[in-house]
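**Student:** Give the three-dimensional model of this entry:
(one chain, ligands or ions: 2)
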Amino acid sequence: MLAAGTRVGEYVVGRRVAVGGTSDVYSGRHFTDGTQVAVKVLSPACCIQMDLVARFLNEAHVLRRLNHPGIVRAFDAGVLPEGGPYMVLEWLPMDLEQTLVREGGPLPVREGASVLAQLAAALGALHEQGVVHRDLKPANVLVARKDAEGIEVKLADLGLAKHQVPEGAAPVTLPVSTAGAALLGSLDYMAPEQWLDSKHVDARVDVYALGVLGFQLLAGRLPFAEGSETELMIRHLRMPPPMHLLGAEVPGALRSLVERMMAKRAAARPSLDEVRACVSSPVLR
Ligand SMILES: Nc1ncnc2c1ncn2[C@@H]1O[C@H](COP(=O)(O)OP(=O)(O)O)[C@@H](O)[C@H]1O
Ligand SMILES: [Mg+2]
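**Tutor:** Ligands and ions are numbered 1, 2, ... in the order given. Down below sits the predicted model:
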């Protein structure tokens, strides 16, 4: 664990604010201008696994290059004196998981639709760069603002992302071995094809996960929840989502969009452009 006061590049580390799947996140400040930031550090236990180090470096590389309003920004990245990699991110202390717990039920329809529109735009920007997120879930979505005017979110955590290199192009990210990683992603949001073969998936797994997240925002609960891992798999592979759990206030167009995003067959899912067009339609504003 990093001690408060540790200098990391141009930043001074404060307290640890979160422990993620593979990293620790600290608050931090720029040592001269005082700008508040988050310092994300690969957790020490993970630093001995080269594939996790490569994934972390790839995440930092992509986040530093992307400048999209719906994706968390990275200002800096490097290696700590102890050897582990770190990245410095814009400070966004609230995530969507915490927001949902605080809300204690579904988000207002207008906010749910707005989150879907923003995440569809952010995922679209990632896909354009040949990056599939593969781990979309509320804990990986940061909330920049939530007030009477609405909600603003930013996609985070590219730790499980798949980086596709266009044919003939030189790779800009490090190759990552997926040996041993039989399953990748969070079970509750995993598309049928991801359960069966998590390596050979494409951008459409992100559309499925966005559908599950949309369902969760509008129903206040996950479509497929209780049960063992096998039961969960069977539900994602075979069972239609329980759309009746969405309240009567959810317009039919939004309801059917969410259902189509969770189609078992990847080819039957809408594109992210379709998702954006649908959630931005006047019916939902
Ligand atoms: N930029 C940030 N500002 C503040 N807190 C953050 C920031 N990024 C992540 N966090 C918090 O840290 C947690 C873990 O970060 P995440 O990027 O998801 O790492 P991991 O890959 O270990 O899951 C998040 O769920 C969130 O609560
Ligand atoms: Mg995470």
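
**Student:** got the buried residues for stretch 138-157?
**Tutor:** 138-144, 146, 151-157 (16 or more other Cβ atoms under 10 Å). Placement of C-beta: from N, CA and C, glycine included.

**Student:** Now do the same contact list for the residue lying closest to Pro240 once chain neighbours are set aside.
**Tutor:** Using Cβ to Cβ, 6 or more residues apart in numbering and skipping residues adjacent in sequence, the residue nearest Pro240 is Glu259, 8.0 Å away. By Cβ atoms under 8 Å, 6 or more residues apart in numbering, Glu259 lies in contact with 211, 240-241, 243.

**Student:** Glu259: helix or strand, and which one exactly?
**Tutor:** Per DSSP states H and E, Glu259 falls inside helix 252-261.

**Student:** go on, Ser27?
**Tutor:** With DSSP H and E as criterion, Ser27 is part of strand 23-30.

**Student:** Quickly run through the sheet partners of that strand, with directions.
**Tutor:** Within its sheet, strand 23-30 is paired with strand 11-19 (antiparallel), strand 36-42 (antiparallel), according to DSSP bridges.

**Student:** For the residue in the stretch 151-285 of the chain positioned nearest to ligand 2, give me the backbone phi and psi.
**Tutor:** Nearest residue of the stretch 151-285 of the chain to ligand 2: Asp157, at 3.9 Å (Cβ to the ion). Dihedral pair for Asp157: phi 60, psi 80, per degrees, to the nearest 10.

**Student:** What is the neighbour count of the residue in the stretch 1-150 of the chain that ligand 2 sits nearest to?
**Tutor:** Residue nearest to ligand 2 within the stretch 1-150 of the chain: Gly20 (4.2 Å; Cβ to the ion). Number of residues near Gly20 (other Cβ atoms under 10 Å) recorded here: 15.

**Student:** wait, it sits on Ala156?
**Tutor:** No - using Cβ atoms under 8 Å, Gly20 is not in contact with Ala156; the gap is 9.4 Å.
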